[in-house]
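Engineer: this one's structure only:
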């Protein structure tokens, strides 16, 4: 019989076991002490390596190439650079697995995932990674395939990694939110599952992310994080239940309503009338959501609902943080055809990105390099004044094609204009 | 080994995992309120009501913790649960009377109930030393240490508005934009291991990754390698991911910076990026006390001075940066000025001043 491996000494990590917040260190130790489980030695050495990182203030993982049959991505390979000291965790790969939209689970499916991960992995699961994957962390190279097969048999598939379409995220939306302006889980699943080839066989210049938020509160942080942000929107008048407005005013008082609702409207589109009803200038409402967030019983998005699409959000590398900017002010999202139109725009943008971006360039950086107007012409989307904060302030541009551009704009208003007239009252 | 081909099933169907009450009222919710911190109460058009109890987790969960959450779900919440994007767990129940026992059960197992409304929710963060290949610090440790210190603001709703924090172990900032972001800031150019570059790195790729064109191919000691123009290098670490011998991480010189005023919601003001306020805090495991002290200073100033519904960045928009630095006692230096051509937009081109 083999001797039981000793628990490593972890005086620094031990200091992260106290305090009111749940401790990941305590969890790691629980796994390391599961002597009857195959992962106990791996987790002992993982703790040893992590303590070593804390002592030396350096990381000791390097990448490599590990995958499953038929896919070119989705596994994050990790090989230890200090494997001679911590041999049992020499290989500690992550499997990225996509959850259902909105990260809903039955306890039954979570327990099954735990069983699989006890058999093949480390017993350590991150719920969830920043892209929205279930991160099954800590797998030997030889166990990657059987672990994935087991998750795949349960109906789960690999997420994205590398220069590929990435796993998506959607807010709780239709499942439990009155602000929801479209069926986010449906859009999420429809769009991502259309492009699985781009996810599982990475062949794009760099990563491409969709995120789906049901309203401009943007709970998935789509505008800042996603290449394509799909944000719920409405273009008719917001709904006001004046009886509930009066009840709110009676309960909170007029000054509360004036200080926290009326004067917080960014476009001064709200007015409290003498009879404690609310007057809304819907033409100038920018759908920011503030008043709706405060008066959840009285105010709601309108009935003519759909989405706004923004493109180009990303984090720092390489040219600095970029926000997504509007490429489609409004797309209705009611019929099956509407959802197919969203897929179609996604396809056009991804194809343009694949054809035109440089290696390791995100959509926002590509647009920065080639120019927004050129990008829009390339994907065939009409321009709209909603796409700018203000028109250009410098005259250094060649404008000999002005008349043709005016004509193109008039044409696009004839065919797309109906989408862009939000807030007529 | 007989590997089988994957069933390319993609994102799974939602229906099997959705609480029956949420399924029944799918897309037909009317309004919500928050009866207490950590509890949401949603009312559907049908008149159905659902109470959600939200609790914080450590994100990096061992199977025992996941099963403990499942036990609670089975006993108190019909066998369903979900997670938020900030790694909070949520249990849904159909009657108000089920809420208190659920809260008690979560408390007994050490899961703090909160993170709703005007509170500090769980910190969105990255992998760090536990699993990343390029980290200069450990996200989980920084987050655990900070959440211990900010725990009271998680379990109460007593801030002017919600406050979102993120933490990132390199300058890529995978943790994301936030009201307060705690990010690594390298302060020295990479040290190059010239023995390895030629074999490990695709040199043109590394040259192309540099945002300021500071890297060029070179022959060093007779070996193909790379060299850095250290006057140009701004120590971002972009070269390190494609070329690990470009050693950017340094126990002493990889510091921690704090950024404030990021906001992703469109409510009131447009989404905004966070801005640098403090840098060069030591990367000091296991509890990073200097980081916690600086974050708490900013949280307290915001809590004391902001108006209802102002997010941290909106508060600063109102009071101005001069007042922010005064109220927090933080120094303002030349490094706070975005010193490149495109940064001119961040200078004050007006006579609007505060004294």
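Structural biologist: Cool, got the structure. Every value quoted in this text rests on a predicted model; they were computed, and no experiment measured them.

Engineer: Helices of the stretch 101-250 of chain B, residue ranges please.
Structural biologist: According to DSSP state H, counting those that start in this stretch, the stretch 101-250 of chain B carries its helices in the segments B:139-155, B:194-200, B:203-209.

Engineer: okay, now residue A:325: neighbour count?
Structural biologist: The tally of other residues near residue A:325 (other CB atoms under 10 Å in any protein chain shown) stands at 17. Backbone N, C-alpha and C define where each C-beta goes, glycine included.

Engineer: how near is the residue positioned nearest the centre of chain B to chain A?
Structural biologist: The residue lying closest to the centre of chain B (CA atoms, centre = their mean) is residue B:166, at 1.9 Å. As judged by CB to the nearest CB, to the nearest Å, residue B:166 and chain A stand 9 Å apart.

Engineer: my read: that residue touches residue B:178, true?
Structural biologist: Yes. Using CB atoms under 8 Å, residue B:166 makes contact with residue B:178 at a distance of 3.9 Å.

Engineer: Show me whatever sits in contact with both of those two.
Structural biologist: B:124, B:262 (CB atoms under 8 Å, 6 or more residues apart in numbering or on different chains).

Engineer: Distance from the chain centre to stretch A:313-329, please.
Structural biologist: Here the centre of stretch A:313-329 is set off from its chain's centre by 13 Å, with CA atoms, centre = their mean, to the nearest Å.

Engineer: That one vs chain B: in contact?
Structural biologist: Yes. Counting by CB under 8 Å from any CB of the partner chain, chain B has neighbours in stretch A:313-329: A:315, A:316, A:317, A:318, A:319, A:321, A:323.

Engineer: what does the stretch 251-400 of chain A put close to chain B?
Structural biologist: So the stretch 251-400 of chain A meets chain B at A:259-260, A:264-266, A:286-290, A:293-294, A:296-297, A:315-319, A:321, A:323, A:359-360 (CB under 8 Å from any CB).

Engineer: Kindly recompute the last result at 6 Å.
Structural biologist: Contacts of the stretch 251-400 of chain A with chain B, taken as CB under 6 Å from any CB of the partner chain, map to A:260, A:264, A:266, A:288-290, A:293, A:296-297, A:315-318, A:321.

Engineer: Sort out for me which of those are in helices.
Structural biologist: A:290, A:293 (DSSP state H).

Engineer: how about the residues of the stretch 251-400 of chain A next to chain B, which pair is most distant?
Structural biologist: Spanning the widest gap among these are A:297 and A:318, at 46.6 Å by CB to CB.

Engineer: pLDDT below threshold where in the chain?
Structural biologist: I'll assume chain A. Low-confidence segments of chain A (pLDDT under 70): A:1-3, A:416-425.

Engineer: I was thinking of chain B, sorry if that wasn't clear
Structural biologist: B:1-3.

Engineer: coming back round to it: make a ChimeraX selection of the buried ones in the residues of the stretch 251-400 of chain A next to chain B.
Structural biologist: In ChimeraX, a selection of the buried entries from these looks like this (16 or more other CB atoms under 10 Å in any protein chain shown):
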select /A:260,264,288,289,290,293,296,297,315,316,317,318,321
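
Engineer: can I see the domain layout of chain B?
Structural biologist: As assigned by automatic domain parsing, chain B contains the domains B:15-108, B:124-187+B:251-346, B:191-247.

Engineer: Leaving out the residues flanking it, which one is nearest to the residue of the stretch 101-250 of chain B found nearest chain A?
Structural biologist: In the stretch 101-250 of chain B, the residue that lies nearest chain A is residue B:148 (3.3 Å; CB to the nearest CB). Nearest non-adjacent residue to residue B:148, counting by CB to CB, 6 or more residues apart in numbering or on different chains: residue A:19, 3.3 Å away.

Engineer: Regarding that neighbour, what is its secondary structure?
Structural biologist: Following DSSP: H, G, I helix; E, B strand; the rest coil, the label given to residue A:19 is coil.

Engineer: Check the burial of it by counting its neighbours.
Structural biologist: 15.
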